[in-house]
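Participant: Need a 3D model of the following:
(4 chains)
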Amino acid sequence: MSIMEQYGMRSNRGWSLTCLLAFSCLWGCSGGTESGPSTTSGGTEEKLTICLLPKIKGIAYFSSCAEGAREAADELGNVELIYDGPTDGDPKKQAEMIEQWTVEGVDVICVAPNAPDVVAGAMRDAQDAGIKVLTWDAEGVEGTRSFFVNQATSQAIGEGMVQAMVKDLGGPDVEGDVVIISSDATSANQNAWIDVMKPALEKTKLNLVTIKYPGENASNALADAQDVIKKYPNLKGIFGISSVSFPGAAEAVEQMGKSGEILVTGLSTPNEMKRFVRNGTVKSVVLWNTIDLGYLTVLAAESLAQGKLKPGDTAIQAGRLGEKPIAGDNILLGDILVFTADNIDQYDF
Amino acid sequence: MADPLIHVDRLCKSYVGVHALADVSLDIRAGEVHALCGENGAGKSTLIKILSGVTRSDAGTVQLEGKPLPAGDVHATEDRGVIALHQESTVFPDLDAVDNLFVGCELRKWRGLLLNRAEMRRQTLALLERLGENIDPTRPVGELPMAQRQMVAMARALARRCRLLIMDEPTASLSARETQVLLQLVRQFRSQGVSVLYVSHRLEEVFQVADRVTVLRDGHHVDTRDIIDVDHAELIRMMVGREAAELVGRHHSKSAIGETVLQVRGLTRSDSFHDISFELRAGEVVGLAGLVGAGRSEVARALFGIDHYDSGTVTAAGQRLPVGDVAAAMKHGLALVPEDRQHEGLVLPMPVSSNLSLSVLSSLTRCGLVSRSRERELVQQQISALSIKTAGMEVAAETLSGGNQQKIVVGKWLASRPRVLILDEPTRGVDVAAKAQLHRLIRQLASEGMATLMISSELPEILSVSDRILVMREGQLAGELEGATATAEQVLALALPEEREVSVSS
Amino acid sequence: MSSLTDIAIRVLRQREVGLLLLIIVVTAIVSTVDPGFLAVGNLKDILVRSAPTAIVACGVMLVVVTGEIDISVGSLMALLAALMGLLISRHEWQLSMWVGIPAVLLCGTLIGLLTGTLVTLGKVPSIIVTLGLLTALRGATTLLMRGENIDGLPEGLQSLAKSGIGGLPLSVWTAMGVLMFTGVIITHTALGRRLFALGSSAYAAKMTGLSETRLKLFAFAYTGFLTALATVVDVPRLPKIESGIGNGFELLVVTCVVVGGVAISGGRGRLVGVMLAVVLLTMVRPVLTFLDVGEAGEKWTKAIQGLFILLAVITDTVVSRRPTGSARGPVPVKPSSHLESEGAPA
Amino acid sequence: MNISDGKRRFPWWHEAVLGVLLIALLITAGIVNPGFLNLRGQLLLSRHLWEFALLALPMTLIILTGGIDLSVGSAMGMCAVAFGMCYSSTGSVALSCLVCLLVGVAGGGVNGWLISRMNVHPLIVTLATYAAFRGLGEGLSQGESYSQFGEDFSEVARGMWGGVPIPAYLFGLLALGCALFLSRTPGGRYVYAIGHNEQAVRFSGVNVGRVKLLLYASSGLMAGLTTIIYVSRFDTAKADAGTGFELDVITAVVVGGTSIYGGRGNIGGTVLGLLLIHETRQFVSRQWQVDELKSIVVGLLLIGSLLLYRGMQVRNRE
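Facilitator: Below is the predicted model of the structure:
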């Protein structure tokens, strides 16, 4: 005899049935509200399925890109937009999503590779299956895509941040310590930027004392920033180069009453950092117009699928953005933006 | 006659269609020690569980002084003064004595919000003193010796206003001396007007302490008698349901003693035994007697390689055994039927067949795979050789009765064809009939040339089965007696520590 | 004569003593390298960072004491943070703090109760229930936040969380309160003793008439409540609420509980040990910063944390084995006398 | 004396339930989205499965003994770094694979040693090595990523034989091996018995410590093997390989009907559990294209399946 009987679980007859029912509901009630992306030809006109794959889904940066993408899709009318990506930013999951879309037979896949090598195989397979592949936001491995919607390279981003910091601190002659607060030690993007920032910092009189890796953890980012401020009395600036560490570092500076003494800079959407720009903790936020980036990407994807955009073109007609130049196979969005107290209120994304 | 304290009326309870209790009625008078006897599976545990509120009966009532006891509510039952000490000692090993005594009925202050720790501690000390036990109330009870744990459980009953104390096999893991202390306590309870329902397989105890005895068999009430009206044989007959004269008495079919098969020299392990030397010859049964805690099981485990030892040698069949290597011990013909059947002997949820073949599995393989036919053959053979009662070889071992489970453990070891069989408490918790069968089996094996070392806390068993008796005291060999002539007094005299009182009168 | 060494061994065997020694040694080393480590501001920071872990560890400790485990607190914290943001942020539903915060606390308690119900009545092992919730709640959070971060929590709450009262943030005061409350529960109430009793022997608990269901429900609900409390007092300290809040928090808490000496099988453990473990593990990051291990050293942070735990576990085994003397092999198993939780004989 | 096998209740109900659920899911999915049941697509996408599947084999054995291995994902990170570092210094894929496997065995061996010789609870040991292995990988590689191992090597994971991904053959072989091991060898019997009652097995003359050591070491070995496939599939070796795998693998094993307390379960259940989770994820992501839904559904599936088992178990005993 077991303990189960002693507990007298009597009314189990219906239980297992209920559970079964619950399960079938879970799977069964797919509801016709949102049909899958399969290329169903029923209807008046063929709709293009365009997949937009961010590095991480669920962070403000990519959400604003998605906003622009939806605007473009609405404008075009013949586009079915799928915006999905790994919520934890795992590049392996990106690859798997590409593979899944390849099997589903979508028309265009726009990838923002979080780690180009990891997704390269999947992107090649997609191309082999006849799907048009674009990269946006970040470049992929050579030969894995037809165009790159280029807002800025790692080079430009890294240098942009260093330049912003030098300028904010008062020019190239300022001496002092700086630290970088990154994400995980293995984060591909951050490591690429750091590789650019290091030599760029060596050309200045700023001294990079350390790099912290708090991971994607807001508490750790805040804590690390507080610690470096205490540890390095000669600290002049902090680069917060992840979506978590930038506000974390700014928060630390503000909480320790060092606003204005220690400057923070990094990449972020303007709305995220407006508070810190207004109170002087942050003088410059480096970014580009993310809404426009999403918008341009979808327009380019549609043109590519329709055959309007071909290799060798030197410009693309991009709706409300007007004509955008193409250099080689890079569709150029424009320079990076530096948001400061003067202009940040003009942007809302 | 006074009104009964407890009136049990036509209790019925069945599990999965099997009657555990059928129409059992019973009276327990105030201030009596009422023994409850029956073989395993007779329904004793079920009756106790119902009385103590752990489970509900399907039908029937229990009345305490004419008022019904709430069913299935341990708290309410305990509040009414019915307290049970269950078979497996129900202490909380990680808690200290104070907590053990008062869990579930804590003394409180501040309108019941907080515990009155000082008062609980005071009462604990007083109670333990009353029991004559010197127990450190701050130590986790799990670190105490078995007997002291039992005392803590008793003190727990004392801590409440106890009207009826139910004791389920309270002496199962106690030594003879400790048993006497406990029985004395039972009498003490009685003299204070507390009724005791005493359940034990050890009939000697029943005759020593009980006023009346009730016998259950297969869930039915057989009879209730005054103890002076029954004798040993009759009680056994009532329990077993047949003439059982053959169940008692000494077996001394002296088998031919052969050459030495196991030699132990100076075996020492600093924390449990010291300088143990003896030999075991083919065809003899050596009883290893001693109090619980004297180090008998520890010696057996060390011999067999379960535990390590510091110095000394074990030689089997001319080969010195490596320290702490069970496989090597088995290879040289040793087998150990461990003390704790459920935890060390059997894999309860697994089939009878897997249990029987577990120790010899690697010899049943063909190309690395277990040969099902050879396994079947072996299992079939053991089941019939030991007449194990089972619904089949694929039923889980846990469904069998205690005696049959024990036979499986023995069978599992006989399957390895040992030359030396070490039995640690082979008949603990086994009913009378199975016990006798096991005793016969041990003698039979001896006559076939097996060397047997049998550890037992039951003196009659030691005396009736052994050719030689070794007695251990406080980790050392205290002496050796001839099996045919030894008496219980001789064994006890060797087993009891010298400096302490041998008499148990309070 | 051996009583003195006995006492010495017993003292050394206490996990608390070992942890305290470790904390002292580490502090001593760091402060010789950089005395700034001992600055009041830094010690305060360590306290503040310990606070949420300490609060939640109080609950998880009780869960582990009953023989269960909860590895969903990190995800639960994220979900509750998102909920709190939605309810009271000035950019969202803009409810009053006095409505929103009780709602968050209630929600945390309810989810804890749900966990407990699944464990006790549903009879699903707690590690499975909370593993399922770990994934499910994280997903639900991301869904709830719709890809946006939430800021704009009420100013009052933010300033309480950041600067606080009497020089210490709200979270520290709360942690102290929770600590004291939990301490009282453990040592001075029947409830606390019964939780330990249940974890020590489920069989004996059943025979004593303790309600396993109610006790475990309490432990899980309390954990849920404390997680909500930690969310309310600690999250406003962060610059914004994002879906990654509480990442890895569950493992940190469980690690603290285990390193703090609570037996994973239940029944044993002390609050002091857990709190010392919380402080010790919180110290790792600032210690590395103050040791100025440099860029390459920073990348060893995780390894050092892991080795730390490994070390604690191994030392503990080695030390606790000493009294059995010369036993070289596996620790001799005591013939256990109580049945495991399952299969009480009929 | 005639002894029957005894009445055995239908013993495969775990597998039956899983099978029914899986078929129900496939039918539903097929109706909602006919393209879903395309065999070629399914085979292509099965590439997402094999790494988990391989790790689930030793995990099943470990959970059957009542243990757990939380460190497999982290061990992959460590193995990947070993692979990458070895490749970058020697340029030999074969040697790198060997090193990768060796590092895996060493990691698993450490777990096994601590668990079997030091008698520390597996949950605690592997919680510690969960952090330590990943950290070791990060520290050694300094977060560096290694790639470009050549086209041939990427064929290991991406290649197909007869339309079936190569790792599938490997998995099939190993799964059969494991199933055979569990059902027919003494070792397999010991695994179950240890899960039910370790003490009794020790008293039966079985070296329980060695069995456990071997199991954890084989889990490490499998982490190494899985890493090779992982590295091949993504052409990248980095310390973050296998992040979060441990939870997914445990989920699959438990959904597959293996009792977390040990003693009950089998490879067949694990395979069905893996398939069920894999298909569920695919279906969810096809149907809604919302990544976070996957984790919600899998979490609920885990709890729900266990509730279902409990319910059925109670019924089965009635």
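
Participant: Compute the number of surrounding residues for the closest residue to D:Gly209 other than its chain neighbours.
Facilitator: Leaving aside its chain neighbours, D:Gly209 sits nearest to D:Ser116 (3.7 Å; criterion: C-beta to C-beta, 6 or more residues apart in numbering or on different chains). Bear in mind the C-beta positions are built from the backbone N, C-alpha and C, glycine included. Using other C-beta atoms under 10 Å in any protein chain shown, D:Ser116 is surrounded by 22 other residues.

Participant: which residues does the residue nearest to B:Gly142 when sequence neighbours are not counted contact?
Facilitator: Nearest non-adjacent residue to B:Gly142, counting by C-beta to C-beta, 6+ apart: B:Pro93, 2.7 Å away. Counting by C-beta atoms under 8 Å, 6 or more residues apart in numbering or on different chains, B:Pro93 touches B:Pro140, B:Val141, B:Gly142, C:Ser200, C:Ser201, C:Gly267, C:His338.

Participant: my read: the fifth one touches C:Arg268, true?
Facilitator: Spelled out, it's C:Ser201. No: using C-beta atoms under 8 Å as the test, C:Ser201 is too far from C:Arg268 to be in contact (11.8 Å).

Participant: Now the common contact residues for these two.
Facilitator: Contact criterion C-beta under 8 Å, 6+ apart; residues shared by C:Ser201 and C:Arg268: B:Asp94.

Participant: Have a look at those two and say which one is more surrounded.
Facilitator: Neighbours were counted for C:Ser201 and for C:Arg268 using other C-beta under 10 Å; C:Ser201 has more, 30 against 20.

Participant: Distance check, the more buried one against chain A.
Facilitator: 14 Å (C-beta to the nearest C-beta, to the nearest Å).

Participant: for C:Ala219, same thing?
Facilitator: 19 Å.

Participant: again with C:Phe220
Facilitator: 18 Å.

Participant: which residues touch B:Glu480?
Facilitator: Residues near B:Glu480 by C-beta under 8 Å, 6+ apart: B:Phe278, B:Arg468, B:Ile469, B:Leu470, B:Val471.

Participant: Can you lay out the residues you listed as JSON lines showing pLDDT?
Facilitator: Shown next, in JSON lines, are these (pLDDT from 0 to 100):
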{"residue": "B:Phe278", "pLDDT": "92"}
{"residue": "B:Arg468", "pLDDT": "90"}
{"residue": "B:Ile469", "pLDDT": "92"}
{"residue": "B:Leu470", "pLDDT": "92"}
{"residue": "B:Val471", "pLDDT": "91"}
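
Participant: Of the residues you listed, which belong to strands?
Facilitator: Residues of the contacts of B:Glu480 located in strands (DSSP state E): B:Phe278, B:Arg468, B:Ile469, B:Leu470, B:Val471.

Participant: of the residues you listed, closest to B:Ile257?
Facilitator: Using C-beta to C-beta, B:Arg468 comes nearest to B:Ile257 of the ones in strands among the contacts of B:Glu480, at 9.6 Å.

Participant: Quick check: beta-bridge partners of that closest one?
Facilitator: Assessed by DSSP bridges, B:Arg468 has beta-bridge partners B:Val286, B:Glu482.

Participant: isn't it right next to B:Ala484, touching?
Facilitator: No: B:Arg468 sits out of contact with B:Ala484 when judged by C-beta under 8 Å, with a separation of 9.5 Å.

Participant: Tell me which of these two has more neighbours.
Facilitator: B:Arg468 (20 against 12).

Participant: So what's the gap between the one helix or strand A:Ala300 maps to and the chain middle?
Facilitator: Assigned by DSSP states H and E, A:Ala300 belongs to helix A:290-306. Centre-to-centre, helix A:290-306 and its host chain are 16 Å apart (C-alpha atoms, centre = their mean, to the nearest Å).

Participant: hmm, it in reach of chain C?
Facilitator: No: in terms of C-beta under 8 Å from any C-beta of the partner chain, no part of helix A:290-306 sits within range of chain C; the closest distance is 12.4 Å.

Participant: That helix vs chain D: in contact?
Facilitator: No: Helix A:290-306 lies out of reach of chain D by C-beta under 8 Å from any C-beta, never closer than 15.6 Å.

Participant: For that helix, name the packing helices and strands.
Facilitator: Judged by 3 or more C-beta pairs under 8 Å, 6 or more residues apart in numbering or on different chains; DSSP states H and E, helix A:290-306 is in contact with strand A:48-53, helix A:60-76, strand A:79-83, strand A:108-111, strand A:132-136, strand A:147-150, strand A:315-317.

Participant: which residues touch the second one?
Facilitator: Outside helix A:60-76, the residues within contact range by C-beta under 8 Å, 6+ apart are A:50, A:52, A:54-56, A:79-81, A:83, A:85, A:112, A:137, A:243, A:267-269, A:271-272, A:287, A:290-299, A:302, A:319, A:349, C:146-149.

Participant: ok, and the closest non-adjacent residue to residue 174?
Facilitator: Reading this off chain A. Using C-beta to C-beta, 6+ apart, the nearest residue to A:Val174 is A:Lys205, at 6.5 Å.

Participant: You answered for a different chain; I wanted chain D.
Facilitator: D:Leu174's closest residue in space is D:Leu57 (C-beta to C-beta, 6+ apart), at 5.8 Å.

Participant: Using CSV, list the CA coordinates for the helix or strand harbouring B:Met239.
Facilitator: Taking DSSP H and E as the criterion, B:Met239 maps to helix B:232-240. Taking Å, rounded to 0.1, in the frame of the first residue of the first chain, the C-alpha atoms of helix B:232-240 are listed here in CSV:
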residue,chain,number,x,y,z
HIS,B,232,3.1,-19.9,25.3
ALA,B,233,2.1,-22.7,23.1
GLU,B,234,-1.6,-21.8,23.3
LEU,B,235,-0.9,-18.2,22.4
ILE,B,236,1.2,-19.3,19.4
ARG,B,237,-1.6,-21.6,18.4
MET,B,238,-4.1,-18.8,18.5
MET,B,239,-1.8,-16.6,16.4
VAL,B,240,-0.9,-19.2,13.9
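
Participant: What helices and strands are in contact with it?
Facilitator: strand B:33-37, helix B:203-209, strand B:212-217, strand B:220-226, helix B:432-447.

Participant: now the last one: mean pLDDT?
Facilitator: Within the predicted structure, the mean pLDDT of helix B:432-447 is 86.

Participant: by contact count, what packs against that helix?
Facilitator: helix B:232-240, strand B:285-290, helix B:402-414, strand B:451-455, helix B:459-465.

Participant: Distance-wise, check C:Val262 relative to B:Ser354.
Facilitator: Per C-beta to C-beta, to the nearest Å, C:Val262 is found 36 Å from B:Ser354.

Participant: residue contacts, residue 53?
Facilitator: Answering for chain A, as no chain was given. A:Asp84, A:Gly85, A:Gln94, A:Met97, A:Ile98, A:Ile109, A:Cys110, A:Val111, A:Ala112.

Participant: right idea, wrong chain: chain B
Facilitator: B:Gly53 neighbours (C-beta under 8 Å, 6+ apart): B:Leu69, B:Pro70, B:Ala71, B:Gly72, B:Asp73, B:Val74, B:His75, B:Ala76, B:Thr77, B:Glu78, B:Val82, C:Gly209.

Participant: Tell me the confidence at the last one?
Facilitator: Per-residue confidence at C:Gly209 stands at 82 (pLDDT).

Participant: Surely it is in contact with B:Val74?
Facilitator: Yes: in this structure C:Gly209 lies within contact range of B:Val74 using C-beta under 8 Å: 2.5 Å.

Participant: The helix or strand that D:Ile31 is a member of: what's the following helix or strand?
Facilitator: Using DSSP H and E, D:Ile31 sits within helix D:13-32. Counting by DSSP H and E, the next helix or strand C-terminal to helix D:13-32 is helix D:39-45.
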